[in-house]
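Enquirer: Below are the sequence and a predicted model for it; my questions follow.
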2 protein chains.
Amino acid sequence: MTEPRWLDDREQCAWRAYQHMQRDLAAALERQLTRDSALSGADYELLVVLSETEGHRLRARELRNAVRWDRSRLAHQVRRMENRGLLRRTECETDARGTMVELTDAGRAAIEAAAPGHVETVRRYFVDLLDAEETATLRAVAERVVRRIHADDEEC
Amino acid sequence: MTEPRWLDDREQCAWRAYQHMQRDLAAALERQLTRDSALSGADYELLVVLSETEGHRLRARELRNAVRWDRSRLAHQVRRMENRGLLRRTECETDARGTMVELTDAGRAAIEAAAPGHVETVRRYFVDLLDAEETATLRAVAERVVRRIHADDEEC
DNA sequence: CAAATAATGCTGACGTGTCAACAACCCGGT
DNA sequence: ACCGGGTTGTTGACACGTCAGCATTATTTG
């Protein structure tokens, strides 16, 4: 049990700044979405994937792989969105266990109405605030962090 | 209603990488905390502030300012943590509306036990993965984003 | 001083995410 | 053909965060 390596001022500042950004940015995006489109970030994620898919339908498993969600989270979310008319569930022909998730016209309309405002907000609060070098740095850092976490995940 | 300025490949990659990092990093930290210390990130936040405070007690309003939470979020969280014996509520002598929140011995023990492992995880998945220049860039970017969001908040 | 206004903290209702358990189904080996 | 293990999706219980509304108390204003 050795003495922990605490963060020095420089590290602590960066870490706190990141935490602050992540929190406020997520809140700002969520607020804009619900205010202008009556959609949550989770709604938006699913709608984007489905709207970019040929035929606007995907098997639940594929949808899960695309957004990397938990089984039950997807089930709950899909049920709620189905109740609101944004999408529809159908049986899967090739596998009786499966469920197909399909975009409704209302869902398509919702995502098309929401997308421009959302992208504009992403630009305003993030993308347009970084120059090319900062963007590259941030991307490199983010990919490094993700790889590290995934590497640890698999070894256990 | 003009055509929206969609993200180009470079921008989209950086944005998605950031989203991916923020998600996996938050999940990894939360997992480590609950696994090794039976604390949530929210628990940890409150405990850190209280443990760094002279006397280990703070008025609820001050605690709220420190962590920048909603009124009711703090009330719920404090109630739950009080039930678990991590902290204790007392009346405020100088203002009959106020509530003092005070760290218990169990709460102090919990944060002291949790801190080393948490810091180690922050290093492993974030701080130690960045060199000095990247750290500085990230901090500058984060502060810029936060300022932008706050500026928009106040003008409305 | 009295009334209006603001601030503080609490609660209940609701939507969301996680966890464990479950039923239905596919596929492999024997 | 059948049994056993893996997969798929669903559900219920629970913890958490947000919102609107409330009671209580300070503070301002006339």
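Expert: Nice, thanks for sending it over.

Enquirer: gap between residue A:63 and residue A:33?
Expert: The gap separating residue A:63 from residue A:33 is 20 Å, by CB to CB, to the nearest Å. (Glycine included, C-beta is placed from N, CA and C.)

Enquirer: ok, those two, which is more surrounded?
Expert: residue A:63 (23 against 20; other CB atoms under 10 Å in any protein chain shown).

Enquirer: If you drop the residues flanking it in sequence, what lies closest to that one?
Expert: Once flanking residues are discounted, residue A:63 sits nearest to residue A:101: 5.6 Å by CB to CB, 6 or more residues apart in numbering or on different chains.

Enquirer: part of a strand, is the one you found?
Expert: Yes. When DSSP: H, G, I helix; E, B strand; the rest coil is applied, residue A:101 is found to be in a strand.

Enquirer: tally of neighbours for it?
Expert: A count of nearby residues for residue A:101, using other CB under 10 Å, gives 25.

Enquirer: Quick one: residues contacting the residue positioned nearest the centre of chain A.
Expert: Using CA atoms, centre = their mean, the residue of chain A that lies closest to the mean C-alpha position is residue A:45, 5.2 Å off. Contacts for residue A:45 (CB atoms under 8 Å, 6 or more residues apart in numbering or on different chains) come out as residue A:67.

Enquirer: Ok, residue A:68 next?
Expert: No contacts exist for residue A:68 under CB under 8 Å, 6+ apart.

Enquirer: ok, back up a step: how about the host helix or strand of the residue nearest to the centre of chain A, does it get close to DNA strand D?
Expert: Using DSSP states H and E, residue A:45 falls within helix A:41-51. No. Using CB under 7 Å from any atom of the strand, helix A:41-51 stays clear of DNA strand D, with a minimum separation of 12.0 Å.

Enquirer: Report the distance from that helix to the chain centre.
Expert: 8 Å (CA atoms, centre = their mean, to the nearest Å).

Enquirer: Now that helix: buried residues?
Expert: Using 16 or more other CB atoms under 10 Å in any protein chain shown as the test for burial, helix A:41-51 gives A:42, A:43, A:44, A:45, A:46, A:47, A:48, A:49, A:50.

Enquirer: And these, which is closest to DNA strand D?
Expert: residue A:46 (12.3 Å; CB to the nearest atom of the strand).

Enquirer: Please, where are all the helices along chain A?
Expert: Secondary structure of chain A by DSSP state H: the helices cover A:9-37, A:41-51, A:60-67, A:71-83, A:105-125, A:132-154.

Enquirer: now, of these, which is deepest in the fold?
Expert: Each of the helices of chain A was scored by mean neighbour count; the highest is helix A:41-51, a mean of 19, by mean count of other CB atoms under 10 Å in any protein chain shown.

Enquirer: quick revisit: export the helices of chain A as TSV, with columns for mean pLDDT.
Expert: As requested, the helices of chain A are exported to TSV (pLDDT from 0 to 100):
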stretch	mean pLDDT
helix A:9-37	96
helix A:41-51	98
helix A:60-67	97
helix A:71-83	97
helix A:105-125	97
helix A:132-154	94
